[in-house]
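S.K.: next one to model:
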Amino acid sequence: KACIERDPALTAKLLRLVNSSLFGPARAVTDLAPAVSLLGVKSLKLLVLGFCLPERLFHDRAADVLQRYWRRTLSRAVAARELAIVAQLEHAEEAFLCGLLADVGQLLLLHEDFAHYVPLVRAFEDRHELRQAERRAFGFDHVELTLRLLEEWRLPKPLIDTIRAADAYEASDLLSPTARVLRTAGLL
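M.R.: Now for the predicted structure:
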């Protein structure tokens, strides 16, 4: 909290997020202490990283694409955590983390092939259609890239497996509860 307070822009972003419809607080959150409490330490760390990373990577290029990315990512992450809580899953924060990381490959594609990728993202609102277009353009899609990145970063295998299973096109009754929650959150 003390560290975040030193950055007014970051403070404003976090307060805006916890007061958004994603969290739907009963009354306005106007202080960082309840905001930090509402988010939880793990989620807060990831959100702070997420809020800071794109600005440094993209320098305000394609703000609409980044805004869409973060809206979808944060919505899926929060929905996954809330669904996991309702379903009484043991690791609701893991569901949040999976939701937050599931499309991180898009950020790499935006950074590495900005000129070709931004028009592609703008052309396809539907995630399934975007992935098909990515495969035609690059020979792989952002989810495949995400999974490789997560493996390269040596993140825990169960987390990677959850993202892989939740994002598979075919429905399966064999999905883990967390993968089902993540898939449902993505549809929301």
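S.K.: which helix runs longest in the chain?
M.R.: Across the chain, the longest stretch assigned as helix under DSSP state H is helix 63-86.
S.K.: where does pLDDT dip in this structure?
M.R.: 8, 22, 25, 42, 46, 49-61, 169-173 (pLDDT under 70).
S.K.: can we see that at 80?
M.R.: Scanning the chain with the threshold set as pLDDT under 80 gives 1-32, 35, 38-64, 67, 93, 111, 113-115, 168-175.
S.K.: need the contact partners of the one helix or strand Gly99 maps to.
M.R.: Secondary structure from DSSP states H and E places Gly99 in helix 92-101. Residues from elsewhere that reach helix 92-101, judged by Cβ atoms under 8 Å, 6 or more residues apart in numbering: 40, 42-43, 46, 50, 73-74, 76-81, 83-85, 89, 146, 150, 155, 158-159, 162-163, 166, 178, 181-182, 185-186. C-betas here are computed from N, CA, C, even on glycine.
S.K.: follow-up on the earlier one: check the offset of the longest helix of the chain from the chain's centre.
M.R.: 5 Å (Cα atoms, centre = their mean, to the nearest Å).
S.K.: Leu107: neighbouring residues, count only.
M.R.: Leu107 is flanked by 22 other residues according to other Cβ atoms under 10 Å.
S.K.: unless I'm mixing things up, it is touching Thr73, no?
M.R.: No - Leu107 lies out of contact with Thr73 (Cβ atoms under 8 Å); the separation is 9.4 Å.
S.K.: find residues that contact each of those two.
M.R.: By Cβ under 8 Å, 6+ apart, no residue touches both Leu107 and Thr73.
S.K.: elements contacting the one helix or strand His111 maps to?
M.R.: Element membership of His111, judged by DSSP H and E, is helix 104-112. Where contact means 3 or more Cβ pairs under 8 Å, 6 or more residues apart in numbering; DSSP states H and E, helix 104-112 is packed against helix 41-58, helix 63-86, helix 114-123, helix 142-152.
S.K.: identify whichever of those lies nearest to Leu15.
M.R.: Of all the helices and strands packed on helix 104-112, helix 41-58 sits nearest to Leu15, with 11.8 Å by Cβ to Cβ.
S.K.: can I get the longest helix of the chain as PDB, trimmed to CA atoms?
M.R.: Output of helix 63-86 as PDB, limited to C-alpha atoms (Å, rounded to 0.1, in the frame of the first residue of the first chain):
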ATOM      1  CA  ALA A  63      -4.600   2.300 -27.000                       C
ATOM      2  CA  ASP A  64      -8.000   0.900 -28.100                       C
ATOM      3  CA  VAL A  65      -6.500  -2.600 -28.600                       C
ATOM      4  CA  LEU A  66      -4.700  -2.500 -25.200                       C
ATOM      5  CA  GLN A  67      -7.900  -1.300 -23.600                       C
ATOM      6  CA  ARG A  68      -9.900  -4.100 -25.100                       C
ATOM      7  CA  TYR A  69      -7.200  -6.600 -24.100                       C
ATOM      8  CA  TRP A  70      -7.200  -5.400 -20.400                       C
ATOM      9  CA  ARG A  71     -11.000  -5.200 -20.200                       C
ATOM     10  CA  ARG A  72     -11.400  -8.700 -21.400                       C
ATOM     11  CA  THR A  73      -8.500 -10.000 -19.300                       C
ATOM     12  CA  LEU A  74      -9.500  -8.400 -16.100                       C
ATOM     13  CA  SER A  75     -13.200  -9.300 -16.600                       C
ATOM     14  CA  ARG A  76     -12.300 -12.900 -17.100                       C
ATOM     15  CA  ALA A  77      -9.900 -13.000 -14.100                       C
ATOM     16  CA  VAL A  78     -12.400 -11.400 -11.700                       C
ATOM     17  CA  ALA A  79     -15.300 -13.600 -13.100                       C
ATOM     18  CA  ALA A  80     -13.100 -16.700 -12.700                       C
ATOM     19  CA  ARG A  81     -12.300 -15.800  -9.100                       C
ATOM     20  CA  GLU A  82     -15.900 -15.000  -8.200                       C
ATOM     21  CA  LEU A  83     -17.200 -18.200  -9.900                       C
ATOM     22  CA  ALA A  84     -14.500 -20.200  -8.000                       C
ATOM     23  CA  ILE A  85     -15.700 -18.700  -4.700                       C
ATOM     24  CA  VAL A  86     -19.300 -19.500  -5.500                       C
END
